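Participant: let me see the structure of the following:
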Amino acid sequence: MSDRAESEVFREVNERIAELASGWSWSGTQGFMCECATAGCMQLVLLTREEYESVRAGSAHFLTAPGHRADGERVVESHRLFVVVERVAVA
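Facilitator: Sure, this is the predicted structure:
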């Protein structure tokens, strides 16, 4: 599986985590998988419900741990516990 495909799988995992969490009172932070393009990355990233929904507002945006950025990605938002990157075309 390519690094990019792996990050897409983690995006699906995170969507499922959010879906399951919506079934109970979700206050504070929730752990989500880093969606970086590094093969084998299993870093957990903590976000509030509002932060997670904000990341998902952009379809090309991915949730990453600080310092987890690859070629073809640009930082959209940088927070203490997580970074939002956008996948851009590589020339």
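Participant: what segments of the chain are helices?
Facilitator: Under the criterion DSSP state H, the chain carries helices at the ranges 3-21, 49-56.
Participant: and the angle from the longest one to helix 49-56?
Facilitator: What that stands for is helix 3-21. Between helix 3-21 and helix 49-56, the angle comes out at 140 degrees (axes from the mean of the first three to the mean of the last three CA atoms, to 10 degrees).
Participant: buried stuff in helix 3-21?
Facilitator: 6-7, 10-11, 14, 18 (16 or more other CB atoms under 10 Å). No exception for glycine: its C-beta is placed from N, CA and C like everyone else's.
Participant: center of the chain - which residue?
Facilitator: Closest to where the C-alpha atoms of the chain average out (CA atoms, centre = their mean) is Leu63, at 2.0 Å.
Participant: and it, what are its bridge partners?
Facilitator: Val84 (DSSP bridges).
Participant: and the pLDDT at it?
Facilitator: The model reports Leu63 with a pLDDT of 93.
Participant: dump the residue contacts of it.
Facilitator: Shown in contact with Leu63 (CB atoms under 8 Å, 6 or more residues apart in numbering): 11, 14, 32, 34-35, 45, 47, 52, 55, 82-84.
Participant: around Phe32, how many other residues sit close by?
Facilitator: 24 (other CB atoms under 10 Å).
Participant: so what's it bridging to?
Facilitator: Applying DSSP bridges, one finds that Phe32 bridges with Val45.
Participant: so it sits against Thr48, correct?
Facilitator: No: between Phe32 and Thr48 there is no contact under CB atoms under 8 Å: 10.9 Å.
Participant: contacting residues for Val85?
Facilitator: Contacts of Val85 (CB under 8 Å, 6+ apart): 36, 61-62, 64, 69, 73-76.
Participant: go with 7 Å
Facilitator: 62, 64, 69, 73-76 (CB atoms under 7 Å, 6 or more residues apart in numbering).
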